[in-house]
Structures are given as C-alpha cells and as structure tokens.
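Colleague: Provided below are the primary sequence and the corresponding predicted coordinates.
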Amino acid sequence: MLSLQTLVLVALLGGIVLTVVALGLEAEWADATSLLGQPALFVRSILAMNVIAPTVAAALAAAFNLHPAVKIALVTLALSPLPPFLPKKEMTAGGERSYVIGLLTTTALLAVVFVPLALKVLEAVFGLPLTISIAKIATSVAMSVLAPLAAGMAMHSFAPALAHRLAKPIAILAAVMLVAGVIAVLVRLGPAMWELVGNGTLLAMIAFAAIALVIGHVLGGPLAGNRAALALATSARHPGVALAIASANFPNQTLVLPAVLMYALISTIVSVPYLKRINGAHA
C-alpha cells in the first residue's frame with residue numbers, strides 16, 4: 001500500500017514530466033536550438049535570468065533580516081533555470097513557441113555549468129562554503145526537462161498526427177496531477193509556510209517577483225509576447241533545482257521547501273496583474 005506522501009510525490013513528478021512531454025508533442029527539434037540562432041535575444045535572456053535576477057535576489061537577501069531558509073530560497077531560485085511547467089503559460093501570454101522551448105532547453109543545459117560557477121562567485125562574495133556536483137544538476141534538469149521534452153519531440157517527428165491527438169489529453173492529465181499534488185503539499189506544509197511570515201519575508205518575495213518581471217519585460221526584445229515570456233521566466237524558477245542546491249549546501253535548513261513553495265505561490269499571484277495587462281494589450 002503506497003503512503004500518501006508517495007502518492008503526492010508521484011502526482012507532482014508525474015505531472016511535471018507529462019507537462020513537458022505534452023509540450024514536446026507539439027514542438028519541432030529546431031525549436032530546442034532556436035535561441036542559439038538569435039544571439040542578441042540569447043544574450044538578453046541569459047543576462048536577465050542568470051546575471052541581473054541573481055544579483056537582485058542576493059541584494060534582497062542581504063538587505064532584509066529574513067529567516068535563513070527564506071534567504072536560501074530566494075538565491076537558489078534565482079540561480080535555477082526555467083521551471084518545466086511554465087512554457088504553456090508563456091505561450092498563452094503570446095510567447096513564440098520556438099522562443100519558449102528554446103529558452104527552456106537552453107537554460108536547462110546552461111544550468112549544469114552555470115549553477116556551480118555561480119555558487120563559487122557567491123562563496124567568494126559572502127564567505128560561505130557553497131558547492132554542488134555537476135552530476136546532481138544534470139540529473140535534475142535531464143529528468144524534469146530534457147528527457148521528457150526529447151521524448152515528446154521524437155513522437156512528433158515520427159508520428160505527428162498521433163502526437164497532436166495525444167498532446168491535449170496528456171496536458172489535461174498533467175494539470176490534474178499537478179493541481180492535486182500542489183493542494184496536498186500546501187495543506188501539509190501550510191503551517192511551516194505561515195511560520196516564515198514576518199521579518200519582511202512577504203515584502204522581499206513580492207519585490208523579487210515584481211522586479212524580475214520588469215527585468216524580463218525590458219530585456220525581452222521588440223515582440224510583446226517574447227517580452228512576456230522572458231518576464232515570466234525571470235520571475236518563476238525551477239523549484240527542483242533550487243531544492244537540490246539548498247539540500248547540498250544547507251541540509252539542516254528544513255524550512256527551505258516551504259519557503260520555495262511560498263515564493264512559487266507569491267510569484268504566481270504577482271504575475272496575475274501583469275498577465276492581465278499583457279492579455280488586454282493583445283485583445
């Protein structure tokens with residue numbers, strides 16, 4: 001008999017994998033590398049996500065008297081790539097499929113090298129021993145992003161009609177699994193999340209989410225949809241990678257998971273008025 005915790009974990013991981021598979025079922029192989037063919041947009045995207053946003057997160061962590069778990073969550077999230085469940089939202093906001101998928105794959109691949117290097121920079125700046133193995137990051141992004149995306153794109157390449165028919169029901173199943181898993185986690189970790197409220201936690205998280213949206217929007221280029229896509233990508237990050245970094249360096253900080261989930265919830269709420277404005281402009 002599977003425990004409730006196991007079922008929740010299966011729902012969350014399964015929902016994430018199926019979300020990316022559904023995305024791949026509607027994608028071309030060329031989409032995955034499309035960003036590399038647009039050097040100006042590539043540089044602006046990496047600048048927004050991998051340089052400016054981590055700097056802002058580190059500054060907020062230093063400026064506020066936050067719980068250590070909240071500081072860790074903010075910085076590790078800022079170092080993490082695009083979350084695998086975000087691309088659908090980005091495309092709904094008008095982002096080009098090729099850009100969204102290219103950004104997903106590019107940031108996932110770069111994370112393997114970028115995250116360990118960024119930790120070395122933070123180690124030098126803050127005097128903390130920080131590290132993570134390249135293998136651990138590679139495993140996280142491969143399992144949650146690269147492998148399921150490649151599987152979906154392979155089916156699209158060999159059986160496009162079947163892939164198109166399967167994409168919607170798989171996406172619906174993934175959404176149901178994710179919602180069920182998230183609700184269960186929020187119920188379980190709600191008290192721990194509430195414990196972190198105070199000392200500027202909400203203000204710092206709201207500030208980072210809002211500033212990150214602005215950064216991505218400004219650097220997203222001339223196309224409104226791509227500006228929205230980069231804004232969302234800069235604000236919302238891969239929780240699995242953030243937790244991998246945190247567990248490798250701060251194993252005793254048991255409140256990092258609730259802090260990461262709290263930020264995910266807050267960034268979603270903060271993005272609502274932005275998306276309403278973007279969708280209103282498209283109407």
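Modeller: Noted; the coordinates are in hand. Numbers count the residues shown, from 1 in each chain.
Colleague: next, the buried residues of the strand or helix carrying V8.
Modeller: Assigned by DSSP states H and E, V8 belongs to helix 4-25. Burial within helix 4-25, assessed by neighbour count using 16 or more other Cβ atoms under 10 Å, is assigned to 8, 11-13, 15-25. The C-beta positions use only the backbone N, C-alpha and C, and glycine is treated the same way.
Colleague: what is the longest helix seen in the chain packed up against?
Modeller: Once the chain is assigned using DSSP state H, the helix that runs over the most residues is helix 160-195. Counting by 3 or more Cβ pairs under 8 Å, 6 or more residues apart in numbering; DSSP states H and E, the packing neighbours recorded for helix 160-195 are helix 4-25, helix 147-158, helix 256-282.
Colleague: quick one: low-confidence residue ranges for the protein.
Modeller: Scanning the chain for pLDDT under 70 picks out the ranges 1-5, 280-283.
Colleague: just say helix, strand or coil for G198.
Modeller: At G198 the chain is in coil, as set by DSSP: H, G, I helix; E, B strand; the rest coil.
Colleague: okay, now it: neighbour count?
Modeller: Residues near G198, counting by other Cβ atoms under 10 Å, number 12.
Colleague: contacting residues for it?
Modeller: Applying Cβ atoms under 8 Å, 6 or more residues apart in numbering to G198 gives no contacts.
Colleague: tell me the phi and psi of it?
Modeller: phi 120, psi 170 (degrees, to the nearest 10).
Colleague: now V176: how far from V100?
Modeller: Per Cβ to Cβ, to the nearest Å, V176 is found 22 Å from V100.
Colleague: so the two - more neighbours on which side?
Modeller: Ranked by neighbour count (other Cβ under 10 Å), V176 and V100 place V100 first, with 29 against 13.
Colleague: what's the closest non-adjacent residue to A151?
Modeller: V21 (5.8 Å; Cβ to Cβ, 6 or more residues apart in numbering).
Colleague: tell me the angle the longest helix of the chain makes with helix 4-25.
Modeller: Counting by axes from the mean of the first three to the mean of the last three Cα atoms, to 10 degrees, helix 160-195 lies at 140 degrees to helix 4-25.
Colleague: could you check the angle helix 147-158 makes with helix 160-195?
Modeller: Using the same axes, to 10 degrees: helix 160-195 against helix 147-158 is 160 degrees.
Colleague: mind listing what's buried in helix 160-195?
Modeller: 163, 166-167, 170-171, 174-175, 177-178, 181-182, 184-185, 189, 192-193.
Colleague: A32: which of the helices and strands packed on helix 160-195 is closest?
Modeller: helix 147-158 (7.1 Å; Cβ to Cβ).
Colleague: elements contacting the closest one?
Modeller: Under the contact definition 3+ Cβ pairs under 8 Å, 6+ apart, helix 147-158 sits against helix 4-25, helix 29-32, helix 97-126, helix 160-195.
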